[in-house]
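**Q** pasting the structure only:
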C-alpha cells in the first residue's frame, strides 16, 4: 500500500506506512501498541475483513516500516498523524481501535480533532486515563520508579529489555499465554523500532494525562481488557476509562495478559465483532 504523508504543526512531514484491505465496508482503523507495528494486528485483520469491514492498520512514526524522524513522539503529534491517515484515505464513519499506547491516540484524536469522522471507538488494554501515579492521580498504576527502571533498561540493552518485556506482555499469573514463536515475532517487531522513537513514546504513554480527553468521547465506546494484565493493569486503566465514559461497554477477558489480542484472539475478536455490529 502507498504510504500516507503525515504532518503536524511546524514539524517536517513523515511517511506513515499503511496497510489497507480496501473495499466498501465500514472502516476499522487499528492503532498498535508499543513497541510493535501494524503487523501486531495479524490475528484481527483476517476476521475483520471476512466480516466485511475495510481494515486499515498503520505503523506509528518511528516504528515498523514508517519514517523514523528525530522528534514528534508526543500525543498531539501522534494524533495529528492519525488525522492525516483518515483524511488522506478519505475515511469516515470510522471505528478507531487503540491497543495499549494506541488508546492514547484514540483519546487525544477525539479531543483534538473531534468526532465528525468517527462512528465508535475501542480502548483495548489501553493506557488512558493516566498511567503515572502522582499526587493528583493516586490510582495511576505506574510509579515513577518503575517508569525510570523501564527507561534505563531500554537505554542499557535493547535485546535484553525486549526479551523481558515480551515475556511480561504475554504472561498472566506467571504463565506465558502464547507460543514461543509468537513471542519471537513480537521481539522482531520491537527491534524495528527506532531507539529515539521507542524512548520518546515510552515517556509519552507513561506520563500523558488523558482524563480531560476522555470527557470529549461521546460516540459508542468499547473498553476491553485482560483481567491479568501486568503491563497496563485493568484496575488502574481499563476500569477507570470505562467509568469515565458514560454508556461505555466493558468486556473483561478472563486470565488474559496484556497482549491478549494474540493470546486470547478468539475472545478478543468475538467481543470486537459484536460491538462493531451495533
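**A** Noted; the coordinates are in hand. Only a predicted model underlies this, so the values are computations on that prediction, with no experimental measurement involved. Residues are numbered from 1 along each chain as shown.
**Q** OK, contacts around the residue most central in space within the chain?
**A** Nearest residue to the geometric centre of the chain (Cα atoms, centre = their mean): residue 102, 2.2 Å. The neighbours of residue 102, taking Cβ atoms under 8 Å, 6 or more residues apart in numbering as the test, are 30-33, 60, 124, 126. Glycine gets a C-beta too; all of them are placed from N, C-alpha and C.
**Q** in the stretch 1-150 of the chain, what spans have low per-residue confidence?
**A** In the predicted model of the stretch 1-150 of the chain, residues 1-2, 7-10 satisfy pLDDT under 70.
**Q** which stretches of it form helices?
**A** For the stretch 1-150 of the chain, applying DSSP state H, counting those that start in this stretch gives helices covering 42-50, 75-88, 101-113, 144-156.
**Q** hey, which of those helices is tucked in deepest?
**A** helix 101-113 (a mean of 25; mean count of other Cβ atoms under 10 Å).
**Q** now that one against helix 75-88, angle please.
**A** Following axes from the mean of the first three to the mean of the last three Cα atoms, to 10 degrees, one obtains 80 degrees for the angle between helix 101-113 and helix 75-88.
**Q** residue 238 and residue 156, how far apart?
**A** According to Cβ to Cβ, to the nearest Å, residue 238 and residue 156 sit 31 Å apart.
**Q** tell me the bridge partners for the closest residue in space to the residue nearest to the centre of the chain that isn't next to it in sequence.
**A** Nearest non-adjacent residue to residue 102, counting by Cβ to Cβ, 6 or more residues apart in numbering: residue 31, 3.3 Å away. Counting by DSSP bridges, residue 31 is bridged to residue 58, residue 98.
**Q** surely residue 31 and residue 107 touch.
**A** No - judged on Cβ atoms under 8 Å, residue 31 makes no contact with residue 107 at a distance of 10.9 Å.
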